[in-house]
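Trainee: Generate a structure from the sequence data that follows.
(one chain, ligands or ions: 1)
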Amino acid sequence: MKYDITKKYIRHGNARPGHKLTGPIFGVAHDTGNPGSTAHGNRNYFDSQQPSASAQVFIDDKYILEIIPLEEKAYHVIYDVKTDNRRYGHNANDAAIGVELCYGGGIDFNEAYKRYVWYFAYLCDRYGWDPEKDITGHSKLDPDRKTDPENALNQNGVSFRQFINDVKREMDAKGIASATDDNLLEKGDAGSDVKKLQEDLMTVGEKLPRFGADGDYGTETVEAVKAFQSRYNLTVDGVAGPETTDKLKQILKKGDEIMKPTGVLNGTFGDYLKNAADRGIIEQSTVQEYEDGEMTQSNAIALVALIESATPGTEVAEVHQPAWEKAQEEGVFNGERPNEPITRVETATVLKRTGAFE
Ligand SMILES: [Zn+2]
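Mentor: Residues are numbered from 1 along each chain as shown. Predicted coordinates for the structure are as follows:
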């Protein structure tokens, strides 16, 4: 790999309760907000002080330091913000990896930045993230309170946009391709990479009936990899090399493609969402997310389930208020269930009450 990753985990405590992370689904870019503090300096602080805040990774000009295992939760974004839930379906602390850039003081920004960019490219490659959608900044999730990582980046003439572009460029470069080679998994390997492979294999329908995702690459995993390779006409060797993992990523991605907005809302999924938003079942910002081309298929499916199973609210939209009141005065409706659908026979009754048939 282009850079070494140093794993030196802090002990368990408030900063590292050891709870299992979902995913990880996305990454949050931070800076420490504490100029001159190094990766190891931060590690010592979190290890000894155990504040109820933390991040998995700290990066300075010499070290990429993982202080909490990537499969465990850290506390780097306050729970009461909503953007993380809306965009990713989870609170950042429950499903994201927090990466802190150390800067200022005696830290060489260029060296630290190169490692920071490379590490995000490494995470994108490892977890199949798209840098455009799956890397966000602390300031994007909590704009009222936070300015990182733009604070550190901007001081050094780098915009967030450029940072994302640099991550993409790094992924295209050799640095990450060689990381993939090093990450070749085979019989006898163990650890979180193996566990992730096993989970992915099960997600795409391969069977690990006896041991499941236990993190040990044994005979059962070899057989599952072989079954997968044979299904997709790859070399059947039971080794999870780049060809196999790329295919796996591709299959996994297919299940979660971005919904393509049509631009015209009439009679489309967007129209359906808009209607649900008008009825107060989902937020207007969710419609916007679809129109902006940011909604994944799995999110869309979850939304349909939510919309179809929702009980219509009793709130009457302002635009309908005068007519709704008039209809009650005239005895056409009794004022109950204002947002529920109405059948043809009920429509006939409503028309009769208005005197339309006389
Ligand atoms: Zn932050």
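Trainee: going forward, measure contacts between C-alpha atoms and count neighbours the same way
Mentor: Fine.
Trainee: And the longest helix along the chain, what does it pack against?
Mentor: Counting residues, the longest helix found in the chain (DSSP state H) is helix 109-127. Judged by 3 or more CA pairs under 8 Å, 6 or more residues apart in numbering; DSSP states H and E, helix 109-127 is in contact with strand 57-59, strand 64-66, strand 96-101, helix 131-134, helix 160-172, helix 174-182.
Trainee: Show me the shaky parts of the stretch 201-350 of the chain.
Mentor: Where the stretch 201-350 of the chain drops to pLDDT under 70, the residues are 254-267.
Trainee: Was I right to think residue 279 contacts residue 311?
Mentor: No: taking contacts as CA atoms under 8 Å, residue 279 lies outside contact range of residue 311: 10.1 Å.
Trainee: Compare neighbour counts for those two and give me the winner.
Mentor: Neighbour comparison, residue 279 and residue 311: the larger count goes to residue 279, with 19 against 12 (by other CA atoms under 10 Å).
Trainee: for the helices and strands packed on helix 109-127, which one sits closest to residue 293?
Mentor: In terms of CA to CA, the element of these nearest to residue 293 is helix 131-134, at 10.5 Å.
Trainee: For the helix or strand following that closest one, which outside residues touch it?
Mentor: Counting by DSSP states H and E, the next helix or strand C-terminal to helix 131-134 is strand 135-137. With CA atoms under 8 Å, 6 or more residues apart in numbering as the test, strand 135-137 has contacts from 26-30, 129, 148-149, 164.
Trainee: Let me know how buried residue 352 is, in neighbour terms.
Mentor: So residue 352, with other CA under 10 Å, has 13 neighbours.
Trainee: now swap in residue 347 and tell me
Mentor: Burial of residue 347 is recorded as 11 neighbouring residues (other CA under 10 Å).
Trainee: same check, this time on residue 357
Mentor: 8.
Trainee: Now residue 151: which helix or strand?
Mentor: Residue 151 belongs to helix 150-155, assigned by DSSP H and E.
Trainee: Of all the residues in stretch 201-209, which ones are buried?
Mentor: Neighbour counts over stretch 201-209 (16 or more other CA atoms under 10 Å) mark 201-202, 206-208 as buried.
Trainee: I meant to write stretch 8-20 there.
Mentor: So stretch 8-20, judged by 16+ other CA under 10 Å, has buried residues 9-11, 14-18.
Trainee: Those residues: which two are farthest apart?
Mentor: The span of these, defined through CA to CA, is set by 9 and 14 at 13.7 Å.
Trainee: residues touching whichever residue of the stretch 101-250 of the chain sits closest to the ion, list them.
Mentor: Per CA to the ion, residue 138 is where the stretch 101-250 of the chain lies closest to the ion, at 4.9 Å. With contact taken as CA under 8 Å, 6+ apart, residue 138 is in contact with 28-30, 77, 146-149.
Trainee: Relative to residue 160, how far out is whichever residue of the stretch 201-350 of the chain sits closest to the ion?
Mentor: Across the stretch 201-350 of the chain, the shortest distance to the ion (CA to the ion) belongs to residue 294, at 23.4 Å. Distance of residue 294 to residue 160, given as CA to CA, to the nearest Å: 18 Å.
Trainee: do the same with residue 288
Mentor: As judged by CA to CA, residue 288 and residue 160 stand 22 Å apart.
Trainee: So, low pLDDT: which residues of the stretch 1-150 of the chain?
Mentor: Applying pLDDT under 70 to the stretch 1-150 of the chain flags no residue at all.
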